Structures are given as C-alpha cells and as structure tokens.
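**Student:** quick one: sequence plus predicted model below, questions after.
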Amino acid sequence: MGKVALDKSISLDGFITGPNPRREAGLGDGGERIFAWMMATNPGDEDSPLNEAWDQLFGDAFESTGAVIMGRNMFDIIDSPNGWVAPNGTAFTWPCFVLTHHPLEDGVKGPTPFTFVSDGIESALAQARAAAGDKDIGIAGANVFQQYLRAGLIDEIHLHIAPVLLGAGTPLFDHLVADHIELEQIRHLETPGATHLSFRVVR
C-alpha cells in the first residue's frame with residue numbers, strides 16, 4: 001500500500017500562497033516567489049521551462065504517485081478545460097478526489113479525472129487508494145492536509161522552502177492538534193533557490 005504524503009513549496013514563514021489567492025492568481029499576490037526555485041528562467045513566468053531541480057525532485061514522484069486528494073477551494077482555483085496544469089503547461093493525469101460539501105458532476109477535464117467526495121476524508125482516502133493501487137497518494141491544499149494530519153493519516157511531508165518571508169497568505173501549519181506531532185527527517189537537499197526537507201510522521 002502506498003504512502004499518503006504532502007509535497008509543497010512554502011515560504012520560510014510557513015505560507016503556501018501569498019495573500020488573496022483566487023482563480024486569476026492561484027498563488028495569491030506575490031505567491032509565485034515560492035515557486036521561483038523550480039523555473040529555469042524568468043521566475044514567476046508561467047511560460048518558463050522547469051529546471052533540473054524539478055526533474056531531480058519530481059521525476060520519481062510522477063511515477064510513484066497514483067492519486068491526489070484536494071479541497072474544493074484548490075479545485076476552483078486550478079479548474080480549467082485543460083485539467084490540472086503544471087507551471088510549464090504539462091497537465092497532470094492523476095485521478096483527483098475533491099473533498100466538498102457541494103459536489104459537482106464527476107468528469108474528466110483535459111487528461112485529469114475529477115471525482116467529488118462529500119462523505120468525509122476517510123471515504124476520499126478509500127477511493128484514492130482504490131484508484132492508486134500500490135502507488136502513493138498526494139495531499140494537496142492546506143485545509144485538506146490539516147484534516148488528514150489531525151486524523152493521523154499522513155505518512156510523509158515534503159517541503160521546498162523558499163528563502164522569502166511573505167508575511168501573509170495561506171498558512172500550511174494551522175488548526176493542528178494541541179499535542180505535538182513527532183517527525184523523523186529523511187531528506188535534506190539544497191538546490192539554487194530552495195532548501196528541500198522531507199519528514200516521516202512518527203506514530
């Protein structure tokens with residue numbers, strides 16, 4: 001059975017977007033700065049090619065990931081006729097399970113299949129596991145991550161820390177349990193523009 005993992009670029013002060021994320025600016029105001037490390041040229045330019053650091057860090061992830069769980073807010077921001085698209089225009093093909101209180105009709109946009117789940121995080125995880133088989137399940141979005149972490153269902157956390165203080169935006173580590181959560185570091189890598197840390201959740 002695959003791992004349940006979060007993989008996020010983040011500012012040093014803990015934000016995964018800048019202020020005011022919206023459909024026209026999914027990363028919020030100034031939030032593209034935390035993704036500059038992955039661009040080969042012209043950070044912040046969606047037409048910029050991705051660099052060797054992206055290939056080094058994510059080459060295996062595209063093969064090892066079998067499904068993704070996200071929240072409705074994230075879906076509304078990334079929603080397009082072309083599906084879920086990377087900064088260089090590559091559309092993701094993973095089955096995506098969207099947690100929502102107001103489901104839409106399931107369907108495929110571009111090459112990305114979306115299934116809307118309104119009966120809880122355990123149901124979404126069960127459906128994602130069925131779709132992923134032995135591959136890993138990615139968790140996308142701060143609120144969804146926090147729900148799965150509080151429930152003890154996250155196995156690994158992979159962070160790409162950009163050397164910037166955004167001051168405001170979407171905090172990744174918010175609304176967590178009162179008791180501490182122990183982590184074991186399993187990777188530390190430096191690339192131009194970011195520090196990459198990976199942790200295993202200790203149970």
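**Tutor:** Alright, I've got the coordinates.
**Student:** can I get the CA coordinates of the helix or strand where residue 129 lies in PDB?
**Tutor:** Element membership for residue 129 (DSSP states H and E) is helix 121-132. These are the backbone C-alpha positions of helix 121-132, laid out as PDB (Å, rounded to 0.1, in the frame of the first residue of the first chain):
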ATOM      1  CA  ILE A 121     -11.800  12.300   4.400                       C
ATOM      2  CA  GLU A 122     -11.900   8.500   5.100                       C
ATOM      3  CA  SER A 123     -14.200   8.000   2.100                       C
ATOM      4  CA  ALA A 124     -11.900  10.100  -0.100                       C
ATOM      5  CA  LEU A 125      -8.900   8.200   1.000                       C
ATOM      6  CA  ALA A 126     -10.500   4.800   0.400                       C
ATOM      7  CA  GLN A 127     -11.500   5.900  -3.100                       C
ATOM      8  CA  ALA A 128      -8.000   7.300  -3.800                       C
ATOM      9  CA  ARG A 129      -6.400   4.000  -2.600                       C
ATOM     10  CA  ALA A 130      -8.600   2.000  -4.900                       C
ATOM     11  CA  ALA A 131      -7.500   4.200  -7.800                       C
ATOM     12  CA  ALA A 132      -3.800   4.300  -6.900                       C
END
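**Student:** so what touches it?
**Tutor:** Applying CB atoms under 8 Å, 6 or more residues apart in numbering, the set of residues contacting helix 121-132 from outside is 1-2, 4, 65-69, 95, 97, 99, 115, 117, 137, 144, 147-148, 151, 153. C-betas here are computed from N, CA, C, even on glycine.
**Student:** what about 7 Å?
**Tutor:** Applying CB atoms under 7 Å, 6 or more residues apart in numbering, the contact partners of helix 121-132 are 1-2, 66-67, 69, 95, 97, 99, 115, 117, 137, 147-148, 151, 153.
**Student:** now intersect these with the strands, please.
**Tutor:** 66-67, 69, 97, 99, 115, 117, 137 (DSSP state E).
**Student:** and the residues you listed, which two are the farthest apart?
**Tutor:** Between any two of the ones in strands among the contacts of helix 121-132, the greatest separation by CB to CB is 17.7 Å, found for 66 and 99.
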